[in-house]
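Asker: here is a sequence with its predicted model. Questions after.
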Amino acid sequence: MRHFNYLKNYHHTCNTTDTTPKDATEPISNKYKNRWKMKLSVVICTIPDRLVYLSSLLTNLLKQSYLPDELIIVTDKGQSNQILTAFPTIPSILRFKVVESNGVGLSKARNKGVEVSIGDIILFLDDDVILPDVNILFRVKEAFEEDEKLGVYGVQVKPLFYNSVKLNDKFNWLYGCTDDRAVRPVGAFFAVRRECFNVVGLFDEKLGRYGKYLLSGEETEFFNRVQKYMKLKVKLDNNLMVEHIVSNRGWKYILRRAFMEGISKARFKSYDMRTERSYLFRYLKDPIGWMISTATILGYIYAKIRGV
């Protein structure tokens with residue numbers, strides 16, 4: 001359990017992120033009422049070890065009918081030169097930044113992207129997504145420009161399996177994807193109105209994935225603040241879809257991911273574990289579902305006992 005001792009230490013020593021809501025009564029700026037005026041920044045968090053995925057995504061991105069006003073790559077400390085060297089021509093096509101995160105973890109990397117971005121809309125992409133629709137960036141921009149009550153916007157994210165265990169769609173969350181019952185965006189593809197960060201603060205750096213620790217919840221916690229303090233919409237557009245590459249994910253990954261989901265949920269003070277217990281009874285005749293729910297409950301209990 002030495003890895004989880006490190007996890008506990010990380011949780012308690014993590015830099016404090018400003019997640020305190022500001023003046024939530026302040027109306028959305030009038031500039032957002034002007035259609036076609038909003039700027040779009042795309043933020044991708046990655047490391048040089050994943051250049052194959054990143055290269056594919058950027059090729060895909062440059063084929064879009066609408067190019068973003070800015071592309072930001074956030075990577076680990078000391079690795080920005082490798083990214084810049086790998087993509088020497090992009091600065092001649094659009095505004096391109098490669099910046100280094102302030103620490104370890106996806107939430108810190110995303111917060112760095114927000115910090116250096118100029119866009120009125122900030123679109124976060126995982127480095128292993130595929131954009132089948134050449135108009136999808138335009139649709140993101142259009143969604144915000146046509147609805148000033150829209151705070152967060154996402155689309156359906158479907159798994160594209162390579163050498164991985166394929167489960168029923170109801171377990172797509174294990175792979176960072178959605179199913180037809182999903183009502184909120186997931187981390188692989190979601191856009192945020194900048195005003196939201198100004199009012200409710202950044203992503204909570206005590207939550208979210210870092211390194212091999214498959215934690216989650218930073219998007220959900222942020223979406224909750226946007227809805228609670230700004231009364232803005234968090235929308236999942238079921239008419240659009242991207243694909244998320246799921247490569248070399250076996251049973252070990254699945255059970256570990258479910259266990260980490262329990263740890264993540266333990267960090268939400270208001271989370272009711274009765275939901276997970278109900279799944280155990282629901283999945284009595286579904287061995288896979290029962291096993292995944294059990295792993296999640298064990299992760300939750302472990303986190304509560306160990307204070308992770």
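Answerer: Received, thanks. Numbers count the residues shown, from 1 in each chain.
Asker: ramachandran angles for the residue nearest to residue 77 when sequence neighbours are not counted?
Answerer: Spatially, and ignoring its direct neighbours in sequence, residue 77 is nearest to residue 100 (4.9 Å; C-beta to C-beta, 6 or more residues apart in numbering). C-beta: built from backbone N, CA, C; applies to glycine. Note on residue 100: backbone dihedrals following degrees, to the nearest 10 are phi -100, psi 140.
Asker: next, count neighbours for residue 100.
Answerer: 17 (other C-beta atoms under 10 Å).
Asker: again with residue 169
Answerer: Neighbourhood size, residue 169 [other C-beta under 10 Å]: 15.
Asker: secondary structure class for the closest residue to it other than its chain neighbours?
Answerer: Sequence neighbours aside, residue 179 is the residue nearest to residue 169 in space, at 4.2 Å (criterion: C-beta to C-beta, 6+ apart). Classification of residue 179 using DSSP: H, G, I helix; E, B strand; the rest coil returns coil.
Asker: quick one: contacts for residue 179?
Answerer: By C-beta atoms under 8 Å, 6 or more residues apart in numbering, the residues touching residue 179 are 169-170, 172-173.
Asker: which of those residues tops the neighbour count?
Answerer: That'd be residue 172 among the contacts of residue 179, by other C-beta under 10 Å, with 22 neighbours.
Asker: right, and that residue touches residue 178 too?
Answerer: Yes. Between residue 172 and residue 178 there is a contact at 6.0 Å, judged by C-beta atoms under 8 Å.
Asker: identify the contacts common to those two.
Answerer: By C-beta under 8 Å, 6+ apart, residue 172 and residue 178 have these common neighbours: residue 158.
Asker: need the per-residue pLDDT for residue 266.
Answerer: Residue 266 carries a pLDDT value of 81.
Asker: host element of the closest residue to it other than its chain neighbours?
Answerer: Spatial nearest neighbour of residue 266, excluding adjacent residues (C-beta to C-beta, 6+ apart): residue 303 at 3.5 Å. Here residue 303, judged by DSSP states H and E, is contained in helix 287-306.
Asker: helices and strands around that helix, which ones?
Answerer: Counting contacts by 3 or more C-beta pairs under 8 Å, 6 or more residues apart in numbering; DSSP states H and E, helix 287-306 packs against helix 2-13, helix 251-266, helix 274-282.
Asker: just checking, what packs against the lengthiest strand in the chain?
Answerer: In the chain, taking DSSP state E as the definition, the longest strand is strand 233-247. Packing contacts for strand 233-247, counted by 3+ C-beta pairs under 8 Å, 6+ apart, involve strand 129-130, helix 136-146, strand 150-162.
Asker: and the next helix or strand past the last one?
Answerer: Reading on from strand 150-162 to the C-terminus, the next helix or strand found by DSSP H and E is strand 189-193.
Asker: what is the rounded mean pLDDT of that next one?
Answerer: When pLDDT is averaged over strand 189-193, the result is 98.
Asker: other residues contacting the helix or strand encompassing residue 98?
Answerer: Assigned by DSSP H and E, residue 98 belongs to strand 96-100. Strand 96-100 has contacts (C-beta under 8 Å, 6+ apart) with 70-80, 83-84, 87, 90, 112-113, 116.
Asker: if we use 6 Å, what do you get?
Answerer: 71-74, 77, 80, 83-84, 90, 112, 116 (C-beta atoms under 6 Å, 6 or more residues apart in numbering).
Asker: quick check: pLDDT value at the closest residue in space to residue 164 that isn't next to it in sequence.
Answerer: Spatial nearest neighbour of residue 164, chain neighbours left out: residue 249 (4.0 Å); criterion: C-beta to C-beta, 6+ apart. Note on residue 249: pLDDT of 92.
Asker: ok so, going back, and the strand holding residue 98, how far out from the chain middle?
Answerer: From the chain centre to the centre of strand 96-100 is a distance of 19 Å (C-alpha atoms, centre = their mean, to the nearest Å).
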